[in-house]
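K.L.:
Generate coordinates for the sequence data below:
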Amino acid sequence: MRGKNYRRPKNRPYVRVEYIHGAPQPKISKFVIGNPRATYTHRVVLIAENEVQARHNALEAARVAANKAIAESLSEDSYLLQVFPYPHIVLRENKMIATAGADRLQEGMRKSFGKPIGRAAILRPGQPVMQVLVQEGGIEAAKRALKVAASKLPTTYKVLVEELKGAEGVQAELPI
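P.N.:
Numbering: from 1, shown residues only. Purely as a prediction, here's the structure:
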């Protein structure tokens, strides 16, 4: 199984988990890391440039890499890292044997629904993938962390820095 086989969404996504027995749980352990109660002045966002399907283990690797990179230069009380896409799509694979003499063991297209092997999230162009809320002094650390995270994900990304309303900053708003 290769990740590049599942990079581009080909057909309609399969999200009906109640019909697939043994669908794996997403590997993303935390979607929000840091201090949600602090007041922040800047928002640094990682935005996808192309439509792509990101696997759940790639999203988790990007989250871990970004958190590690930003934690080296900032304390955990001075930033808030959020991961936005949730991997709803169940990926299936119809395993085939590709060795010499395997023709009698292979079933071909019979029962070709496939076994669940992972989860994925479709990222659209312009969709935010991750964001880091920081004070003005932590902007460079957040940009560096998101560039490290982008190297763990498929396709290309851009990093945008936005100043939040007012000079006093705003408190983080978490989705319900």
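
K.L.:
all helices of this structure, in order?
P.N.:
Secondary structure of the chain (DSSP state H): helices located at 56-73, 139-150.

K.L.:
Just name the most buried of the ones you listed.
P.N.:
helix 139-150 (a mean of 21; mean count of other CB atoms under 10 Å). Every residue, glycine included, has its C-beta placed from N, CA and C.

K.L.:
Just list the residues touching the residue nearest the centre of the chain, thanks.
P.N.:
Residue closest to the mean C-alpha point of the chain, counted by CA atoms, centre = their mean, is L59 at 2.9 Å. Taking CB atoms under 8 Å, 6 or more residues apart in numbering, we find L59 in contact with 27-28, 83, 85, 87, 121, 129, 153.

K.L.:
rerun at 6 Å
P.N.:
Taking CB atoms under 6 Å, 6 or more residues apart in numbering, we find L59 in contact with I28.

K.L.:
Redo the helices of the chain as TSV? Include distance to K165 and mean pLDDT.
P.N.:
Putting the helices of the chain into TSV (distance: least, CB to CB, whole Å; pLDDT from 0 to 100) gives the following:
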stretch	distance to K165	mean pLDDT
helix 56-73	23	94
helix 139-150	17	96
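
K.L.:
And those: which comes nearest I97?
P.N.:
helix 56-73 (24.7 Å; CB to CB).

K.L.:
angle of that closest one against helix 139-150?
P.N.:
Put simply, helix 56-73 runs at 160 degrees to helix 139-150, going by axes from the mean of the first three to the mean of the last three CA atoms, to 10 degrees.

K.L.:
Quick check: chain neighbours aside, which residue is closest to A121?
P.N.:
P85 (3.8 Å; CB to CB, 6 or more residues apart in numbering).

K.L.:
Tell me how far the one you found lies from P26.
P.N.:
10 Å (CB to CB, to the nearest Å).

K.L.:
Direction included, what does the top strand by length along the chain pair against?
P.N.:
The longest strand of the chain (DSSP state E) is strand 115-123. With DSSP bridges as the test, strand 115-123 is paired with strand 52-55 (antiparallel), strand 89-93 (antiparallel).

K.L.:
didn't V83 look like it was pressed against F31?
P.N.:
Yes: under the criterion of CB atoms under 6 Å, V83 makes contact with F31 at 4.8 Å.
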